[in-house]
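Colleague: Model the following, please.
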Amino acid sequence: MADLENVYVILVEPMGEFNVGLAARAVKNFGAAGLRFVRAPLGLAASSLRYSSRGRELLLRASFFASLQDAIEDLDYSVATTARTGGKRDILRQTYRPASILPLINSGKKLGLVFGREDRGLTNDELKLCDLAVTIEASEDYPVFNLSHAVAVLLYYLFTNSQPERRAEKRDLSRLRSVLLDQFDQLMQLSGYPERKREEAWLTLRRIIVRANPEEWELSFMAGTLRYANRALSAEHHPNEGNSG
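Modeller: This next block holds a predicted model:
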């Protein structure tokens, strides 16, 4: 159990000075790295500072962004939180338990926890930007949390279950993940996989990769395997390329 020093809490269009202040207090309680705001309509209200107690310093040095994409650009992983879960075929809103985040926490990589609007959560486009989506389980009678409560509950779970002593230094693998996913997308195109299903398949693979937290050699091997298959399929479709003259 240790501070969540590589975890950033990202609030999208947060409303209510009280909520913002208490969210900052929770971030301070569990030693998270900091707060980021996306399109914060109220800016930084004086009353938020009052409610934040010793989280005041986090509010004063919080970062403000015009879009979620900008807010997560420098992070290794981004995890959306949502109470609106989907069925098995709704890949975009297929959610996992908070335990799925622990390998990312323990790896020491920079992680963003993205919390949506209290009235309607995150949009589909915002969910697509995130590597994974989690939900906090609660009573079926009323499973929707107040923003500051959701921040506190999720941070508490991660704080008490992370095992930073097992962290191993790893290279930044985001580029390799992108290469593998690009090769997978190319394979779907070359193989004639139905276009309407391509995004769903791509999202599914991305989430599998993030949850598995593979080693560098595993990503490199799989990317190379897909590249080989793509070259073979491309040669099949264009047998005379490179043989002119």
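Colleague: Could you use CA atoms for every contact and neighbour count after this?
Modeller: Will do.
Colleague: quick one: average confidence on the longest helix seen in the chain?
Modeller: For the chain, the longest helix by residue count, based on DSSP state H, is helix 216-237. On average, the pLDDT along helix 216-237 is 90.
Colleague: can you check stretch 177-189 too?
Modeller: Rounded mean pLDDT across stretch 177-189 is 93.
Colleague: cool, stretch 130-137 as well?
Modeller: 92.
Colleague: chain center to that stretch: distance?
Modeller: Its chain's average C-alpha position is 8 Å from that of stretch 130-137, according to C-alpha atoms, centre = their mean, to the nearest Å.
Colleague: List the buried residues for that stretch?
Modeller: Neighbour-count burial for stretch 130-137 flags C130, D131, L132, A133, V134, T135, I136 (criterion: 16 or more other C-alpha atoms under 10 Å).
Colleague: Once you drop chain neighbours, what's closest to I209?
Modeller: Counting by C-alpha to C-alpha, 6 or more residues apart in numbering, I209 lies nearest to R177, which is 7.8 Å off, once chain neighbours are set aside.
Colleague: What strand or helix carries the one you found?
Modeller: helix 174-191 (DSSP states H and E).
Colleague: Direction-wise, compare the following helix or strand past that helix with helix 174-191 and give the angle.
Modeller: Next helix or strand after helix 174-191 toward the C-terminus (DSSP H and E): helix 195-212. Note on geometry: by axes from the mean of the first three to the mean of the last three C-alpha atoms, to 10 degrees, helix 195-212 and helix 174-191 are set 150 degrees apart in direction.
Colleague: chain center to helix 195-212, what's the gap?
Modeller: That offset, for helix 195-212, works out to 14 Å (C-alpha atoms, centre = their mean).
Colleague: and it, what does it pack onto?
Modeller: helix 174-191 (3 or more C-alpha pairs under 8 Å, 6 or more residues apart in numbering; DSSP states H and E).
Colleague: Using PDB, write out every CA atom in the helix it packs on.
Modeller: Coordinates of each C-alpha in helix 174-191 appear next as PDB, following Å, rounded to 0.1, in the frame of the first residue of the first chain:
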ATOM      1  CA  SER A 174       2.700   2.900 -26.300                       C
ATOM      2  CA  ARG A 175       4.400   3.100 -29.700                       C
ATOM      3  CA  LEU A 176       4.600  -0.700 -29.900                       C
ATOM      4  CA  ARG A 177       0.900  -1.000 -28.900                       C
ATOM      5  CA  SER A 178       0.000   1.500 -31.700                       C
ATOM      6  CA  VAL A 179       2.100  -0.500 -34.200                       C
ATOM      7  CA  LEU A 180       0.400  -3.700 -33.300                       C
ATOM      8  CA  LEU A 181      -3.100  -2.200 -33.500                       C
ATOM      9  CA  ASP A 182      -2.200  -0.500 -36.800                       C
ATOM     10  CA  GLN A 183      -1.100  -3.900 -38.300                       C
ATOM     11  CA  PHE A 184      -4.300  -5.500 -37.000                       C
ATOM     12  CA  ASP A 185      -6.400  -2.800 -38.600                       C
ATOM     13  CA  GLN A 186      -4.500  -3.300 -41.900                       C
ATOM     14  CA  LEU A 187      -5.100  -7.100 -41.600                       C
ATOM     15  CA  MET A 188      -8.800  -6.600 -41.300                       C
ATOM     16  CA  GLN A 189      -8.800  -4.400 -44.400                       C
ATOM     17  CA  LEU A 190      -6.800  -6.800 -46.500                       C
ATOM     18  CA  SER A 191      -8.800  -9.800 -45.400                       C
END
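Colleague: For it, buried residues please.
Modeller: 176-177, 179-188, 190.
Colleague: can I get the residues you listed in CSV with distance to V12?
Modeller: Formatted as CSV, the buried residues of helix 174-191 follow (distance: C-alpha to C-alpha, whole Å):
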residue, distance to V12
L176, 28
R177, 26
V179, 29
L180, 30
L181, 27
D182, 28
Q183, 32
F184, 31
D185, 30
Q186, 33
L187, 35
M188, 33
L190, 38
